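Student: okay, structure incoming, though there's no sequence with it:
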């Protein structure tokens, strides 16, 4: 059974940093592009970053570009999202998702999802 588990969320002050992890079990991430999404209360889910299978291609939403960095360690079967210069508006539940394929899906479809981890930015 494919399973993704996010971790690393928490409470942080504005300007602070967090690193989220997305660990896979039941399958190897080598064959998957991985995306990070977030959903704030009362808002639609937002795709914020994606990394291709080989790390050759990364994508960021304008809202996080220059502050967040996605990376992967296929040997550890884990994808990371380093979040710096956090803002109040980054508060949300963050999810990772997997797409079986070389690159990030053009249609935005990801077949497997984690349960999410809460990130709260507050002073």
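Tutor: Noted; the coordinates are in hand. Worth saying up front: this structure is predicted, and the values here are computed from it rather than measured.
Student: does residue 21 have beta-bridge partners, and which?
Tutor: Residue 21 forms beta bridges with residue 7, residue 80, as assigned by DSSP bridges.
Student: how close does it get to residue 117?
Tutor: 9 Å (C-beta to C-beta, to the nearest Å). In short, each C-beta sits where N, CA and C put it, glycine included.
Student: name the residue in those two with the higher neighbour count.
Tutor: residue 117 (21 against 17; other C-beta atoms under 10 Å).
Student: in this structure the more buried one contacts residue 19, no?
Tutor: No. The criterion here is C-beta atoms under 8 Å, and residue 117 misses it with residue 19 at 11.1 Å.
Student: overlap of the contact sets of these two?
Tutor: residue 8 (C-beta atoms under 8 Å, 6 or more residues apart in numbering).
Student: who's in contact with the residue nearest in space to the middle of the chain?
Tutor: In the chain, the centroid-proximal residue (C-alpha atoms, centre = their mean) is residue 36; its distance is 2.6 Å. The contact partners of residue 36, taken as C-beta under 8 Å, 6+ apart, are 20, 22, 47-50, 70, 79, 81, 94-97.
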